[in-house]
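Undergrad: just coords:
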């Protein structure tokens, strides 16, 4: 029987305490019944009296004193050794179960296909992200980012024109107006074709022009677009699920609030983050 498992510290102490209470109760009750048969009225009066009215002395019973001292000793032992902080707790058991479940989940989907990840990502997105981005990921009329264009050349152009806010990087936020519309279009073509994971552009004729204008962006992103060791976003992963995962890891401040950092939060695990990334990127590809 599980409740009688003496190898469990809590069960052992509970059973021991119950036995001690029963034994002490029987001893005390038996003694009281015995005294009821032989005890006579009387007692020693104290030296104090008021108008001839005396008061019997009422010393602390020796047994009570002994039980009190033993209770204090028991409490100290129980706190320090009998039930130490690393013993069983419901919260600890819950955390262990969650960890075991996540480990099993990670193992099960370690080699999941892109299709499986997208299906999983859609479910996670609807649960965790749709409340701000909308069930169609359109950002609910500009209240949040429109994820249907993430990972596209159009989105690169939009960021160059309007800037990018809310991401936590040492070099800070990217301001708007760093390039005129024509240069922004050329830079977007260059980044899409030569730097990002998109590897294609709808404006091949602007790639070389964008290469020359890239110097403005290289000041923060580096000549290779990798962000100079985390000082700015790594654009070489833009257009892939890894970029989405990076945003999930960092969090973002938007127009309607603060998107939290998902890494280490316990909200979703790394596999689910990757799945959301695959799903979000699939939206811009029409998959």
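TA: On my side now, so go ahead. Note that this is a predicted model, so its numbers are computed, not measured.
Undergrad: tell me the SS of residue 55?
TA: strand (DSSP: H, G, I helix; E, B strand; the rest coil).
Undergrad: and it, what is it in contact with?
TA: For residue 55, the contact set (Cβ atoms under 8 Å, 6 or more residues apart in numbering) comprises 45-46, 48-49. No exception for glycine: its C-beta is placed from N, CA and C like everyone else's.
Undergrad: in a markdown table: these, plus pLDDT and secondary structure.
TA: Formatted as a markdown table, these follow (pLDDT from 0 to 100; DSSP: H, G, I helix; E, B strand; the rest coil):
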| residue | pLDDT | secondary structure |
| --- | --- | --- |
| 45 | 79 | strand |
| 46 | 80 | strand |
| 48 | 80 | strand |
| 49 | 78 | strand |
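Undergrad: can you give me the helices for the stretch 101-250 of the chain?
TA: Under the criterion DSSP state H, counting those that start in this stretch, helices of the stretch 101-250 of the chain are mapped to 114-128, 130-133, 139-142, 153-162, 181-190, 207-213, 215-221, 227-230, 241-250.
Undergrad: quickly, which of the ones you listed bottoms out on average pLDDT?
TA: When these are ranked by mean pLDDT, helix 139-142 comes last with a mean of 84.
Undergrad: if I look at residue 220, how far off is residue 62?
TA: Separation of residue 220 from residue 62 (Cβ to Cβ, to the nearest Å): 82 Å.
Undergrad: now swap in residue 28 and tell me
TA: 13 Å.
Undergrad: the more surrounded of those two?
TA: residue 28 (12 against 8; other Cβ atoms under 10 Å).
Undergrad: if we ignore the residues flanking it in sequence, what's nearest the more buried one?
TA: Nearest non-adjacent residue to residue 28, counting by Cβ to Cβ, 6 or more residues apart in numbering: residue 63, 7.8 Å away.
Undergrad: quick one: that neighbour is in a helix?
TA: Yes - checked against three-state DSSP, residue 63 lies within a helix.
Undergrad: burial of it, as a residue count?
TA: If we define neighbours as other Cβ under 10 Å, then residue 63 has 12 of them.
Undergrad: now the phi/psi pair for the residue located most distally from the centre of the chain, please.
TA: Distance from the centre of the chain peaks at residue 52, with 74.6 Å (Cα atoms, centre = their mean). Main-chain dihedrals, residue 52, degrees, to the nearest 10: phi 80, psi 0.
Undergrad: give me the number of residues near the nearest residue in space to residue 146 that is not next to it in sequence?
TA: The shortest distance from residue 146 to any non-neighbouring residue, by Cβ to Cβ, 6+ apart, is to residue 139 (4.1 Å). Using other Cβ under 10 Å, residue 139 has 19 neighbouring residues.
Undergrad: from residue 176, how far out is residue 139?
TA: Using Cβ to Cβ, one gets 18 Å for the distance from residue 139 to residue 176.
Undergrad: touching, residue 43 and residue 56? I think so.
TA: Yes - under the criterion of Cβ atoms under 8 Å, residue 43 makes contact with residue 56 at 4.4 Å.
Undergrad: roughly how far apart are the residue nearest to residue 240 when sequence neighbours are not counted and residue 47?
TA: Excluding the flanking residues, the one nearest residue 240 by Cβ to Cβ, 6+ apart is residue 197, at 4.0 Å. Between residue 197 and residue 47 the distance is 98 Å, computed by Cβ to Cβ.
Undergrad: of those two, who's got more company?
TA: The neighbour comparison of residue 197 against residue 47 (other Cβ under 10 Å) goes to residue 197, with 16 against 7.
Undergrad: so what's that one up against?
TA: So residue 197 contacts 151, 236-240, 242-243 (Cβ under 8 Å, 6+ apart).
Undergrad: among those, which two are most distant?
TA: Farthest-apart pair in the contacts of residue 197 is 151 and 236; separation 12.8 Å (Cβ to Cβ).
Undergrad: neighbour count winner among those two?
TA: Taking other Cβ under 10 Å, residue 151 and residue 236 do not tie; residue 151 has more neighbours (27 against 20).
Undergrad: the spatially closest residue to the more buried one that is not a sequence neighbour and residue 92, how far apart?
TA: The shortest distance from residue 151 to any non-neighbouring residue, by Cβ to Cβ, 6+ apart, is to residue 239 (4.2 Å). Distance, residue 239 to residue 92, using Cβ to Cβ: 43 Å.
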